[in-house]
Structure formats: structure tokens, C-alpha cells
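Asker: Got a predicted structure here, sequence first:
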Amino acid sequence: MMVETETLDVRRSILAIARPIIGAKGFSAVGLTEILAAAKIPKGSFYHYFNSKETFGVDLLDHYFVEYLAELDLILAGPGLTMAERLMAYWRNWRASQASFDCQGKCLAVKLGAEVADLSEPMRLSLQRGTSSIVDRLTMAIEAGVAEGSLAVDEAPRTVAESLYYLWLGASVMTKITRSLHALDTAILTTQRILHLPSSRLV
């Protein structure tokens, strides 16, 4: 049991150390040697913890989404706020995480989505599961906001949740391309309009 615990701890450590490296460079550009050196793990030990680099990639994404969803749940459960305010807090947090133009592992869905979707089917499925879970939570939040009267939508909550998530993914990509927050600022204003919320300052 202790050996299993130690193995899990080392796996978690490798994943935590690798995330900002891959978040900055991409999956294909980072070799196992670089990951092991950063994690101070001897060469040859990698396959004791992961069956392959692809398996490692799936675990990296799964672990990322577990943490991301836990953070999202906390934001959407914020005390003393309407659901509309909680949703806007989520979007503003997203904008803030992209503001430095270097998310360093905080936005793996943005960084790796296009790259690994064609590279690895298991990694694509991990991305699909994770992003679908995000949309599920946004859907429930929008439904709750409509029920309490803090926001309104013109389409089904699921459709709105998908549209907003796709909007923000696209805005994040454009932020990388332009090195400007214009796309994210536009996403904030568009989100407020879609949810029929009054426009407010962006930061």
C-alpha cells in the first residue's frame, strides 16, 4: 500500500511539474527527457509511472480538468451572489488567467485542443469529456439564473452554454494570435448581451 501511495505521489508530482512546461510549449514539443529532468526523476523511470507518453498526456488532461472543474464549482457556489454574478465572475477569472498572454498550464484546453485532437484519440476523448463537463455546469448555472431571475436567455440554456464556451475558447485563441485583450473584452460584452445583463466595466 505504501509503495502504491508513493507511486501516486510521484505521478502527481510529475504531472504538476509538466503542466506549465507543456502549457508553454505544447505537447509534441516537450520530450520526456525535459519532463524527467524538471521532475528530478531518473531517466528510464518514466515507464514505471506511465505506460507511454500518450497515457501521460491523458492523465495530464484528466488531472487538469479535475482541478478546473473543482475551481469552477467553487466560483458557481459563491455565497451572497446571484447566479448571474457568479457566471460573470467565472468569465472575468478566465480573462484574468489569459491577461499575461502566457497561461503556463492554466489553459490546457486552449493550448492543446487543436494539437492533440488529431494526434491522439485518447487525448481527444479526455478533452471532450472535460469540456463537456464544463458546458454541463454552465448549463445548470444558466438554468438556475433564469429560475431566480438574475439573467435571461433567448435560446435553450444548453445552447447558450455551448455558444458562450465556444466564444471564450475562440477569444482565447485570438488573444494568443494578437497579443491583445481585445477579443476577451469583446467576449465579456457579448456574454453580458447574451445573458441580458447590463454592461459593466471589464476589470
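Answerer: Now that the structure is in, tell me what you want to look at. Numbering: from 1, shown residues only.

Asker: Around residue 143, how many other residues sit close by?
Answerer: Residue 143 sits with 17 neighbouring residues when counted by other C-beta atoms under 10 Å. Placement of C-beta: from N, CA and C, glycine included.

Asker: do the same with residue 152
Answerer: 13.

Asker: Wait, it touches residue 194, no?
Answerer: No - judged on C-beta atoms under 8 Å, residue 152 makes no contact with residue 194 at a distance of 9.7 Å.

Asker: Please enumerate the shared neighbours of those two.
Answerer: The contact sets of residue 152 and residue 194 do not overlap (C-beta atoms under 8 Å, 6 or more residues apart in numbering).

Asker: tell me which element residue 177 falls in.
Answerer: Residue 177 is part of helix 157-178 when elements are defined by DSSP states H and E.

Asker: Buried residues in the next helix or strand after that helix, which are they?
Answerer: Next along the chain after helix 157-178, taking DSSP H and E as the criterion, comes helix 182-194. In terms of neighbour count (16 or more other C-beta atoms under 10 Å), helix 182-194 has its buried residues at 183-184, 187-188, 191-192, 194.

Asker: Same list (the residues you listed) but as TSV, adding pLDDT and distance to residue 46.
Answerer: Shown next, in TSV, are the buried residues of helix 182-194 (pLDDT from 0 to 100; distance: C-beta to C-beta, whole Å):
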residue	pLDDT	distance to residue 46
183	95	38
184	94	37
187	97	39
188	96	42
191	97	42
192	97	47
194	97	45
